[in-house]
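**Student:** sequence below, structure please.
(one chain, ligands or ions: 1)
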Amino acid sequence: MKSIAIDGPSGSGKSTVAKALAEKLGMLHLDTGAMYRMLAWKADAAGIPNDDTEVLEKLAGRLQFSIEGHELRESGAPLPAAIRAQQFAKAASVISAIPGVRKEMQEKQKDLAIRYSLIMDGRDIGTCVIPETPYKFYLDANVEERARRRYEQGEKTRYTFEEVLVAMKERDTQDMNRAIAPLTIAEGAIVIDNTNLSVQETVDLMMEFVEAKDAL
Ligand code: DC
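**Tutor:** Numbering: from 1, shown residues only. This next block holds a predicted model:
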């Protein structure tokens with residue numbers, strides 16, 4: 001089966017439903033946001049500032065991603081849990097706008113999609129990484145609901161709801177307005193607003209579309 005593209009803003013449930021779909025369909029899940037977060041984490045560890053485009057492009061080129069079992073690895077090692085922190089979400093959003101960084105990452109993602117049948121979630125999957133796939137989704141939910149999900153998922157130990165909401169709005173603006181591969185609805189994508197849907201309802205809807213495409 002061809003790979004499946006799921007794009008959408010943060011907190012729209014992409015990773016959660018991608019995991020569930022991967023299990024149902026016997027495919028692997030590739031969280032492309034984790035790849036940008038990993039670069040942001042490595043840059044931070046090496047003291048490289050987010051505006052040092054030349055060094056960041058080189059660092060991106062040196063990352064070696066693989067999927068072992070069901071796990072995304074970099075240079076053979078599992079990705080650190082710390083990449084999930086809001087600090088790295090923010091940094092990933094900034095450095096993912098650097099053209100050379102994006103080129104490197106998109107190439108790595110395309111390579112993985114050639115080797116495996118993937119459920120890929122991100123911001124530019126249906127528009128740039130695998131535009132040829134017949135299976136494209138764009139997940140959305142209103143920004144308060146998305147911030148509430150992030151807040152409940154753990155940020156409440158460190159931030160107020162207001163802070164999570166402000167950070168999310170900033171990231172939306174950045175991801176949707178950058179010059180290269182901005183977050184946008186891919187041609188032919190099925191748009192699902194899951195503000196009032198459960199994870200199960202979203203997955204069921206997506207399965208219906210995948211099965212309907214398969215039947216054509
Ligand atoms: O999905 P996420 O929140 O983990 O992604 C973190 C940031 O990485 C996001 O704000 C923008 C960037 N990103 C991207 O530009 N393209 C992707 N395919 C995935 C993530």
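**Student:** avg pLDDT for the strand or helix carrying V164?
**Tutor:** If you go by DSSP states H and E, V164 is part of helix 161-177. For helix 161-177, the mean per-residue pLDDT is 94.
**Student:** now do the strands in the protein.
**Tutor:** Applying DSSP state E to the chain gives strands spanning 4-7, 28-31, 65-68, 71-74, 77-78, 118-122, 136-140, 190-193.
**Student:** who wins for proximity to I180 among those strands?
**Tutor:** Proximity to I180 (Cβ to Cβ) singles out strand 118-122 among those, at 13.7 Å. Glycine gets a C-beta too; all of them are placed from N, C-alpha and C.
**Student:** who does the closest one pair up with?
**Tutor:** Partners of strand 118-122 in the sheet, by DSSP bridges, are strand 4-7 (parallel), strand 28-31 (parallel).
**Student:** deepest of those strands, which one?
**Tutor:** Highest mean neighbour count among the strands paired with strand 118-122 (mean count of other Cβ atoms under 10 Å): strand 4-7, with a mean of 28.
**Student:** so does that strand get close to the ligand?
**Tutor:** No. Interface with the ligand: strand 4-7 contributes nothing (Cβ under 6 Å from any ligand atom), its closest point being 7.5 Å away.
**Student:** which residues touch that strand?
**Tutor:** 14, 17-18, 21, 25, 27, 118-127, 129-130, 133, 135-139, 183, 185-186, 189, 210 (Cβ atoms under 8 Å, 6 or more residues apart in numbering).
**Student:** of these, which qualify as buried by neighbour count?
**Tutor:** Using 16 or more other Cβ atoms under 10 Å as the burial test, these include 14, 17-18, 21, 27, 118-127, 129-130, 133, 135-139, 183, 185-186, 189, 210 as buried.
**Student:** within reach of the ligand, which of those residues are there?
**Tutor:** Near the ligand, by the rule Cβ under 6 Å from any ligand atom, you find 122-125 out of these.
**Student:** from these, which is closest to the ligand?
**Tutor:** Nearest to the ligand out of these is G122 (Cβ to the nearest ligand atom; 2.5 Å).
**Student:** just put the strands of the chain in JSON lines and tack on mean pLDDT.
**Tutor:** Formatted as JSON lines, the strands of the chain follow (pLDDT from 0 to 100):
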{"stretch": "strand 4-7", "mean pLDDT": "98"}
{"stretch": "strand 28-31", "mean pLDDT": "97"}
{"stretch": "strand 65-68", "mean pLDDT": "95"}
{"stretch": "strand 71-74", "mean pLDDT": "96"}
{"stretch": "strand 77-78", "mean pLDDT": "97"}
{"stretch": "strand 118-122", "mean pLDDT": "98"}
{"stretch": "strand 136-140", "mean pLDDT": "98"}
{"stretch": "strand 190-193", "mean pLDDT": "98"}
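**Student:** now render these as CSV, adding distance to P99.
**Tutor:** Shown next, in CSV, are these (distance: least, Cβ to Cβ, whole Å):
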stretch, distance to P99
strand 4-7, 19
strand 28-31, 22
strand 65-68, 20
strand 71-74, 22
strand 77-78, 28
strand 118-122, 17
strand 136-140, 23
strand 190-193, 28
